[in-house]
Structures are given as C-alpha cells and as structure tokens.
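Engineer: Build the 3D model from these lines:
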Amino acid sequence: MDPKEKVHEILKKFKTAMFVSGRPGGELEARPMQVAKVEDNGDLWFFTSKSGRVAEELDTNPTVLLALQEEGSYYLSLRGTARKVHDAAKIRELFSEPYKVWFPGGPDDPTLLLINVNPIGAEYWDTAGTNKLQYMFEAVKAYVKGTTPQMADDPDHHAKTRL
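Structural biologist: Model (predicted):
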C-alpha cells in the first residue's frame, strides 16, 4: 500500500492526539486533544478555547506535531500547519454533547474556537494483525540471538512520507 494511503487509512482510527505546539520563545507544549473530525484529504479538526494557550501559541507559530497511538497497534506522528477557524456552521457540524464539558454554552459558546491542521508529513508504525505477528517473530528471534529486531522496510509496517 502507498504510504500516503496508509496514513489516511490509520488516521481515522484515532480519537485523541497529543497536540504539540511551540510557545513563544521556542519551548514546546503538549496536551491531549480529542479529534473532532478527520477529513477525506487528511485535515484534522479540533476544538479549543479562544483564550487558551493553544490559540496563543498558534499566533506565533502555526507549525504543530500530532502524536497518536491506538492500543499498542498503530502509532502515527504528523507534522503540519494549524490555523484558527471562526466558522459557526463548521462548529455546529462538528460539535457533539461531550464537548459541553469544556464548552457549556454548546456550539454557541463564545469561547469556542476551531483548529484545522493540514498535515504536511507523517511517519507511522503499524503493528496490528499480521504486522504484529511479524514483529513478535522478529523480536523473539532477536532476543534469543542477543541482537535487535530486523524489520524489513515494508511500507505496510513503517514509513515516512510527505503528504
């Protein structure tokens, strides 16, 4: 499978991402954020507060990193550009009841802000299904030999790609 297609395939498995952005001065900041939606083109949507640190950080540096993990089977690192979006129709489309914990005013909450992330590069590791069996076989073999696992360069298992 083409690495870009693989990224899009596994990206839809994630519900939460560690959203890493840069503070003024270069310090990195990470926080878990729920993925509101993954578009067919790979763009991701998140909700945040207009007055929060994420919104502040994006004003000075729109480059972000998203780190995603799904129960030890899929790992994905996305680099991209984030932008703040003020779009009432899109907020209504993406808003669901669980967001009321953070935005009690619902989709009309005046503090609500959308973030759109356009990924430009990705690296993934797929250790599900037969990939998991292949990894376990290589890991046991390496353990017995006192070496490290030798995983073939297989884009179905691991790859870096520009998006």
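
Engineer: Now do the helices in the protein.
Structural biologist: Ranges of helices in the chain, per DSSP state H, are 3-11, 53-60, 88-94, 129-145.

Engineer: Let me have these in CSV, extended by mean neighbour count.
Structural biologist: Where C-beta positions appear, they are placed from N, C-alpha and C, glycine not excepted. Listed next are these as CSV, based on neighbours: other C-beta atoms under 10 Å:
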stretch, mean neighbour count
helix 3-11, 18
helix 53-60, 16
helix 88-94, 14
helix 129-145, 13
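
Engineer: Which of those has the lowest mean pLDDT?
Structural biologist: Across the helices of the chain, the stretch with the lowest average pLDDT is helix 129-145; it has a mean of 64.

Engineer: May I have the beta-bridge partners of the most centrally placed residue in the chain?
Structural biologist: Central residue of the chain (C-alpha atoms, centre = their mean): Leu66, 4.0 Å from the mean position. Beta-bridge pairing of Leu66 under DSSP bridges involves Phe19, Leu78.

Engineer: contacting residues around it?
Structural biologist: For Leu66, the contact set (C-beta atoms under 8 Å, 6 or more residues apart in numbering) comprises Ala17, Met18, Phe19, Val20, Leu44, Leu76, Ser77, Leu78, Gly80, Val117, Pro119.

Engineer: max-length strand in the protein?
Structural biologist: strand 112-126 (DSSP state E).

Engineer: Quickly run through the sheet partners of that one, with directions.
Structural biologist: strand 44-49 (antiparallel), strand 74-85 (antiparallel), strand 158-162 (antiparallel).

Engineer: From the rest of the structure, what touches the last one?
Structural biologist: Around strand 158-162, the neighbours that count as contacts under C-beta under 8 Å, 6+ apart are Pro3, Lys4, Lys6, Val7, Ile120, Gly121, Ala122, Glu123, Tyr124, Trp125, Asp126, Met151.

Engineer: switch to 7 Å and redo it
Structural biologist: Pro3, Lys4, Lys6, Val7, Ile120, Gly121, Ala122, Glu123, Tyr124, Trp125, Met151 (C-beta atoms under 7 Å, 6 or more residues apart in numbering).

Engineer: Greatest separation within the residues you listed: which pair is it?
Structural biologist: Within the contacts of strand 158-162, Ile120 and Met151 form the most distant pair, 25.6 Å apart (C-beta to C-beta).

Engineer: about what we covered before: need the contacts of Leu66 in JSON lines (columns: neighbour count and distance to Lys100).
Structural biologist: Shown next, in JSON lines, are the contacts of Leu66 (neighbours: other C-beta atoms under 10 Å; distance: C-beta to C-beta, whole Å):
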{"residue": "Ala17", "neighbour count": "24", "distance to Lys100": "21"}
{"residue": "Met18", "neighbour count": "14", "distance to Lys100": "23"}
{"residue": "Phe19", "neighbour count": "24", "distance to Lys100": "20"}
{"residue": "Val20", "neighbour count": "17", "distance to Lys100": "26"}
{"residue": "Leu44", "neighbour count": "25", "distance to Lys100": "21"}
{"residue": "Leu76", "neighbour count": "22", "distance to Lys100": "28"}
{"residue": "Ser77", "neighbour count": "18", "distance to Lys100": "31"}
{"residue": "Leu78", "neighbour count": "24", "distance to Lys100": "27"}
{"residue": "Gly80", "neighbour count": "20", "distance to Lys100": "28"}
{"residue": "Val117", "neighbour count": "25", "distance to Lys100": "23"}
{"residue": "Pro119", "neighbour count": "24", "distance to Lys100": "28"}
